[in-house]
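In: got a sequence here, can you model it:
(one chain, ligands or ions: 1)
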Amino acid sequence: MEQLLQQIEALKTEIAAFNDGDAEIFRIKYLGTKGQVKAIMGEMKNVAAENKKEAGQLLNEFKLFAEAKYETLKTASGNGQQTTTNEFDLSLPADSLPLGSRHPISIVKNKIISIFQRLGFAVAEGPEIEDDFHNFTALNLPENHPARDMQDTFYISQNPDWLLRTHTSSVQVREMQKGKLPIRIICPGRVYRNETISARAHCFFHQVEGLYIAENVSFADLKQTLYFFVQEMFGKDVKVRFRPSYFPFTEPSAEMDISCLICGGEGCSVCKKTGWVEILGCGMVHPNVLDNCGIDSNKYTGFAFGMGIERITMLKYQIKDLRLFSENDVRFLKQFTSAV
Ligand code: PHE
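Out: Sure, this is the predicted structure:
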């Protein structure tokens, strides 16, 4: 009797663990005429007469347990008629996997890069944690210069000289310091500003800045380069205008507007009824910046520009709230395709 109990227990454990998934294999192995359940039932004849009642009950329970497992396997495999084991039907269509899509900021960034690459600009990258020199001082923004207020940022408490870069102009400084001329680069990347988060401002955003330094580079080169960019980005019908502006690192400086894409220049809420929207800042690199970076400002001139990718993306796709870009709501993100 003791032995029978042990046998039942062992078989129960085995059956419970059976996960081959094939109901027919299970049936043959355990419930068929030569199966193990049948075999153990046959043990009844060896049980002493006084134990027969108890053993009969246990064996019956065990049989029900095995039959229940068989039913479960049958349901799990859809039918009990499978004939082969572990067979995959390779002709069946694959399970559909949800496909992700590129983030709109990445789509537009790649588009901007490809336009400037066609003009011979190479991509340069640099660190997001910068020092004061590369982010400010080298760019003609000495300590306590009031223009630093326009770009307040986050400082690293470990070292008061470290900060999160406010623009990718810091990458331009690093390239200029290498001293290999001419320079023709664009610098895409994430930048940070200490601003209150709203529909139009965030504590981080993305930029593409550009720099061209060689002999005899003029403002005409700057205008033509940016005009080409705008036409490739927004279409041939778009108009541009340059307004005088101020940046410590360029002289003269300008802001470039494009004719409003929403109303075509008629005046609407996006362009605040002016017909124009600002898209970037630019200018001729200030001689002090060239000198600070070890470039002879008597021999070389250059232009620089910088734009926010979020801004370009908002205009291109008519997105009204900057916060959507970082909320990671797939219902928003999946609306954009790489085919811009
Ligand atoms: N660095 C400026 C900014 O982040 C943009 C800029 C770049 C302006 C180069 C002029 C020339 O606001």
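In: what's the burial count for the residue of the chain found nearest the ligand?
Out: Closest approach of the chain to the ligand (CB to the nearest ligand atom) occurs at Gly306, with a separation of 2.8 Å. Where C-beta positions appear, they are placed from N, C-alpha and C, glycine not excepted. Counted with other CB atoms under 10 Å, residues neighbouring Gly306 total 23.
In: quickly find the element holding the nearest residue to it once chain neighbours are set aside.
Out: Of all residues not flanking Gly306 in the chain, Glu209 sits nearest, at 3.9 Å (CB to CB, 6 or more residues apart in numbering). Take DSSP states H and E as the rule and Glu209 turns out to sit in strand 204-214.
In: again, but for Lys272
Out: When elements are assigned from DSSP H and E, Lys272 belongs to no helix and no strand.
In: ramachandran coordinates for it?
Out: Here the main-chain torsion angles of Lys272 (degrees, to the nearest 10) amount to phi 50, psi 40.
In: and the gap between it and Gly308?
Out: 18 Å (CB to CB, to the nearest Å).
In: who has more neighbours, these two?
Out: A direct count of neighbours by other CB under 10 Å for Lys272 and Gly308 places Gly308 higher, at 19 against 11.
In: the more buried one against Gln207, yeah?
Out: Yes - Gly308 sits in contact with Gln207 when judged by CB atoms under 8 Å, with a separation of 5.8 Å.
In: domains for this protein, by residue range?
Out: Structural domains of the chain, as assigned by automatic domain parsing, span the residue ranges 2-77, 104-336.
In: buried deepest among those domains, which one?
Out: Burial among these, expressed as mean neighbours by mean count of other CB atoms under 10 Å, is greatest for domain 104-336, which shows a mean of 17.
In: any idea how far that one is from the chain center?
Out: The chain centre lies 21 Å from the centre of domain 104-336; the measure is CA atoms, centre = their mean, to the nearest Å.
In: point out where the stretch 201-340 of the chain drops to low pLDDT.
Out: For the stretch 201-340 of the chain, the stretches flagged by pLDDT under 70 are 338-340.
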